[in-house]
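1. Could you look at this predicted model? Sequence included:
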Amino acid sequence: MKATTNLENDHVYILRLCDVMEEMAQSGIADPAHLERVVSLIRNFADGLHHKKEEDLLFPKMAEKGFSPVQGPVAVMLHEHEEGRNYVRGIAGNIEPYKSGDKAAAEAVKYNLLGYAGLLKNHIAKENNILFRMADNALSAEEQDDLSAEFKKAEESMSPGGSSSHYIAQIEELAKIYGIG
């Protein structure tokens, strides 16, 4: 399997989480425990594991092939990862006041849920359709295999039980709760 396919497989579940976030924001009745779980899933799976595979493994390999981390497509992806982290801080920082019924915190949570989901949906489209295709053209089959092995090591070391299935199960549970088909 190509390394980029591994990342695209992660994207399927990150997009489901984005759908959950949009439903949480639009319904206006998000359970604070679910908000905390969303923050945890982003920090541990979407950002913690998935973005780590990109930032620490794929992007440096692409830099070796001439893709600059300070301008161009990789730089845009890195900037958007940082934007996403800002939205997550906005959610996390408003959960406690949200629990207390603070209307401004509720609006901030909604704004940041929708901001993150919108950002990530566009970000993933760019990665799947542009950046990963560039990587596929630039990397040899051996380099793809090496990256895939490194991704597997990252998943084993950073995931409960050594795979992403723990995170995926939580995303699917939230999707069921919020009626995401």
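-> Nice, I can see it.

2. quick one: the helices in the chain?
-> 3-27, 32-41, 52, 59-64, 73-92, 95-99, 103-126, 132-138, 141-158, 165-177 (DSSP state H).

3. List the residues that contact residue 13.
-> If you count contacts by Cβ atoms under 8 Å, 6 or more residues apart in numbering, residue 13 has them with 45, 164, 167, 168, 171. All C-beta atoms are positioned from the backbone trio N, CA, C, and that covers glycine.

4. pretty sure residue 73 contacts residue 130?
-> Yes: in this structure, residue 73 is within contact of residue 130 by Cβ atoms under 8 Å, at 6.4 Å.

5. So the two - more neighbours on which side?
-> Legend: neighbour count by other Cβ atoms under 10 Å for residue 73 and residue 130, higher for residue 73 (17 against 13).

6. excluding its backbone neighbours, what's nearest that one?
-> residue 131 (5.1 Å; Cβ to Cβ, 6 or more residues apart in numbering).

7. ditto for residue 145
-> That would be residue 3: by Cβ to Cβ, 6+ apart, it lies 8.0 Å from residue 145.

8. do you know how far residue 62 is from residue 141?
-> 16 Å (Cβ to Cβ, to the nearest Å).

9. between the two, which one's more packed in?
-> Neighbours were counted for residue 62 and for residue 141 using other Cβ under 10 Å; residue 62 has more, 22 against 8.

10. ok, that one - contacts?
-> Here residue 62 is in contact with 74, 134, 135, 138, 139 (Cβ under 8 Å, 6+ apart).

11. between those residues, which is nearest residue 16?
-> Within the contacts of residue 62, the smallest distance to residue 16 is 23.6 Å, found for residue 135 (Cβ to Cβ).

12. What is the neighbour count of that closest one?
-> 26.

13. re earlier: please tabulate the contacts of residue 13 in a markdown table, including the columns distance to residue 17, pLDDT and neighbour count.
-> Below are the contacts of residue 13 laid out as a markdown table (distance: Cβ to Cβ, whole Å; pLDDT from 0 to 100; neighbours: other Cβ atoms under 10 Å):
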| residue | distance to residue 17 | pLDDT | neighbour count |
| --- | --- | --- | --- |
| 45 | 8 | 96 | 23 |
| 164 | 12 | 91 | 20 |
| 167 | 9 | 96 | 24 |
| 168 | 10 | 96 | 19 |
| 171 | 5 | 98 | 24 |
